[in-house]
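Trainee: Following is a predicted model, sequence given first.
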Amino acid sequence: AAAMSRCPACGSSALVEDAHYAQQQLVCAACGCVLAEGLLTTTYSDEEHLREVAFSRSTGHREQQSRCVQRGVKRVQDLCKVLQLPRVLEETAVSYLERAMRRPAFRLLGLEKKELLGGCCVFVTCRQHNWPLTMGTVCSLLYAKTELFAGVYRSLQTELELSVPALSLADLVQTHLNSFRLFQRAADVPAPFVEDKEKMVARTMQLVELAGDTWLVTGRHPVPVVTAAAFLAWQSLQPAARLACTLGRFCKLAGVDLPPPAHLRLKELHEILLRMASQLAWLRVFKVDKKMAVKHIGELLQHRIFLLKKSFCAEDEEQPPAGAPLGAGGDEQDKVSPSEGKEQRDGDRRPLLPPCLLKPRKRLRTAAPSASELSVTGDEPISDSEIEQYLRGREEVRAFRKAKAWQ
């Protein structure tokens, strides 16, 4: 407006600004020519300064959206600000929300599920852009139940036909440990319990990889595995001051929830570490227990592949009897000499199998078959019309007709 000082139609300098609803217009007072119009604004500050804005942010666009969609977009934007997501991810999440709200399946949802829909859009966007974000983090920010959130997430993935890659364990370890309060000194955290973040993340990653090699991750929820691995990593870095600390107290000091299966994952990891520690030559003269295995976790992880091969046998390999020295199956190189004075513990090497095969759950009893099911033996005669349903080729038809003519 400052650059245009005269009317191009009549040459008059009597130019005035006329507010037409929410649109400011520059009009010539002499001839009535409109020199500038259609400045779309959203806020009073924009209207005062005559700033042109994109139509997606204009009042005209907002009038086309329902209140429900507007609240959902606002919720997505707020969630992205809390997570400090880039602008590209925020725009993608908003587009997913707008697409979902056009579907009848989401328009008819209840208020509680509609509030979770924005979080699901953010969660999907982060997964697609390899941004480490867990479902538990979104649920904690929205104060939502995990089961309800998972249901809305699956519906969104199905309705919009979205391809969502799974979060890798490496990203999950980094994200989960970021929420721990053990990396900075605090009043409620004793000084010996404070640990360097990079060291703990690296040691936890190695333990998670060990759990993956020993079938402790497959088919399990990853968070309990990561929690148990983080606890062992934290203990092994300063075992003298931390071995007496329990898993429950560790989670309380770290400020994270203790998932119930974490105790089972910790027990399974202890069993693997004990078997590996029994193969270390410099530990054979000692009585290896859980605490000693935790003290030597660094050495066990350094020789992980070799120790796993020595601790477990192949499925088709002949297993030595319980209590026999390692190598009693025929390998002279692995036998323990009598001069050592001690027989190797855990000599009963077993195949490296998933825990579900080692300790299968009790199967539920099936219901007794009904009388109609018992009456079916498989020898019942088949009618000609039913036989024709199973015939497909011409050769089969001719063969059937020949067999029927011979009868």
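Mentor: Thanks, I have the structure now.

Trainee: Tell me where the stretch 301-407 of the chain is predicted with low confidence.
Mentor: 314-348, 362-369, 372-374, 376, 378, 384-392, 407 (pLDDT under 70).

Trainee: Kindly report the same for the stretch 51-200 of the chain.
Mentor: For the stretch 51-200 of the chain, the ranges with pLDDT under 70 are 51-65, 167.

Trainee: repeat that with 90
Mentor: Residue ranges of the stretch 51-200 of the chain with pLDDT under 90: 51-75, 82-86, 98-115, 126-147, 157-192.

Trainee: could you pull out the helices for it?
Mentor: For the stretch 51-200 of the chain, helices defined by DSSP state H, counting those that start in this stretch occupy the ranges 59-64, 67-83, 87-101, 104-107, 111-128, 135-142, 146-159, 169-178, 197-213.

Trainee: can you list contacts of the third one?
Mentor: The one in question is helix 87-101. The contact list for helix 87-101 (CB atoms under 8 Å, 6 or more residues apart in numbering) reads 66, 68-69, 72-73, 76-77, 80, 85, 106-107, 117-118, 121-122, 124-126, 128-129, 131, 156, 159-160, 162. From N, CA and C alone the C-beta is placed, and that goes for glycine too.

Trainee: quick revisit: please identify the deepest-packed of the helices of the stretch 51-200 of the chain.
Mentor: helix 111-128 (a mean of 22; mean count of other CB atoms under 10 Å).

Trainee: what angle sits between that helix and helix 87-101?
Mentor: With axes from the mean of the first three to the mean of the last three CA atoms, to 10 degrees as the basis, helix 111-128 and helix 87-101 are set at 140 degrees to each other.

Trainee: returning to what we had before: dump the helices of the stretch 51-200 of the chain into a markdown table; add distance to residue 395 as well.
Mentor: Shown next, in a markdown table, are the helices of the stretch 51-200 of the chain (distance: least, CB to CB, whole Å):
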| stretch | distance to residue 395 |
| --- | --- |
| helix 59-64 | 65 |
| helix 67-83 | 62 |
| helix 87-101 | 53 |
| helix 104-107 | 49 |
| helix 111-128 | 52 |
| helix 135-142 | 57 |
| helix 146-159 | 44 |
| helix 169-178 | 55 |
| helix 197-213 | 53 |
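
Trainee: Quick one, which of those helices gets closest to residue 36.
Mentor: Residue 36 lies closest to helix 59-64 among those, at 17.5 Å (CB to CB).

Trainee: Just the CA trace of stretch 349-356, in PDB.
Mentor: The C-alpha trace of stretch 349-356 is given here as PDB (Å, rounded to 0.1, in the frame of the first residue of the first chain):
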ATOM      1  CA  ARG A 349      24.800 -78.600  27.100                       C
ATOM      2  CA  ARG A 350      21.400 -78.100  25.500                       C
ATOM      3  CA  PRO A 351      20.300 -76.800  22.100                       C
ATOM      4  CA  LEU A 352      19.800 -73.100  21.800                       C
ATOM      5  CA  LEU A 353      16.000 -73.000  21.500                       C
ATOM      6  CA  PRO A 354      13.200 -70.500  22.200                       C
ATOM      7  CA  PRO A 355      12.000 -70.500  25.800                       C
ATOM      8  CA  CYS A 356       8.500 -71.600  24.500                       C
END
